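Peer 1: from the sequence below, what's the structure:
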Amino acid sequence: MSNKHLIQRHWYLLTSKPHKDVLAEEQLLRQGYEIYRPLAQRLRKRGGKMQAITESLFPRYIFIHLDTINDNWRPIRSTIGVQGFVRFGLEPARVPEELISQIRDQESDLGAKAIDLDRFHQGDVVTLKDGPYQGLRGVFLSYNGEQRAMILLEILNCKAPLEVPTVKLMAA
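Peer 2: I've put the predicted structure just below:
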């Protein structure tokens, strides 16, 4: 049996050029490569309104499934939008099949968390929706885990940090 019939497919990780994830994906698919770019819904301000948009769950990273013997790797590095392979030393880094399966299985959950973690940014003015401080405005400082945030409230001319559940916040 010749080596041409052996198939040794593995997942590898590519980086794209900044803001070129979609272009790199399109170009790689056009060349016939099997790729996987996990997606997430994120909230972004457009025209003064928050809108859900779809973008890469891991910006600038694309998984590519390649046969180490039969696939032509040369065109990949010159593909429009692609920066190159993630490497450990001289070798492209292999990504375990199990990790790809886990990401695929959890993509919608991970994407939903990405929405919440992108909703507010440091310095945003927020209003508390309920609880003892309902209606008070504060300044968003940071996320403290997946479901909590630190805000800065001004109470009686004194600024006080307060940790609150993110579900109790809304944009002011």
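Peer 1: for the residue most central in space within the chain, give me phi and psi.
Peer 2: The C-alpha lying nearest the average C-alpha coordinate of the chain belongs to Leu57 (CA atoms, centre = their mean; 2.5 Å). Per-residue torsions, Leu57: phi -70, psi -40 (degrees, to the nearest 10).
Peer 1: ok, it touching Gln41?
Peer 2: No - contact criterion CB atoms under 8 Å: Leu57 and Gln41 do not qualify, at 9.7 Å. C-beta here means a position set from N, CA and C on the backbone, and glycine is covered the same way.
Peer 1: against Val164, how distant is the residue nearest to the centre of the chain?
Peer 2: 26 Å (CB to CB, to the nearest Å).
Peer 1: same deal with Val95?
Peer 2: Distance from Val95 to Val164, by CB to CB: 37 Å.
Peer 1: for the helix or strand hosting Phe140, which strands pair with it and how are they oriented?
Peer 2: Element membership for Phe140, per DSSP states H and E: strand 137-143. Each strand paired with strand 137-143, and its direction, by DSSP bridges: strand 125-128 (antiparallel), strand 148-155 (antiparallel).
Peer 1: now those in a markdown table, with mean neighbour count?
Peer 2: Shown next, in a markdown table, are the strands paired with strand 137-143 (neighbours: other CB atoms under 10 Å):
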| stretch | mean neighbour count |
| --- | --- |
| strand 125-128 | 18 |
| strand 148-155 | 17 |
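Peer 1: identify whichever of the ones you listed lies nearest to Thr68.
Peer 2: strand 148-155 (45.1 Å; CB to CB).
Peer 1: so what touches the next helix or strand after the closest one?
Peer 2: Downstream of strand 148-155, the next assigned helix or strand under DSSP H and E is strand 158-165. Contact with strand 158-165 is made by 128, 131, 133, 138, 141, 144, 147-154, as judged by CB atoms under 8 Å, 6 or more residues apart in numbering.
Peer 1: now do 7 Å
Peer 2: For strand 158-165, contacts defined as CB atoms under 7 Å, 6 or more residues apart in numbering pick out 128, 138, 141, 144, 147-153.
Peer 1: need those in a markdown table (columns: pLDDT).
Peer 2: Below are the contacts of strand 158-165 laid out as a markdown table (pLDDT from 0 to 100):
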| residue | pLDDT |
| --- | --- |
| Leu128 | 86 |
| Gly138 | 87 |
| Leu141 | 86 |
| Asn144 | 76 |
| Gln147 | 70 |
| Arg148 | 79 |
| Ala149 | 81 |
| Met150 | 85 |
| Ile151 | 89 |
| Leu152 | 88 |
| Leu153 | 86 |
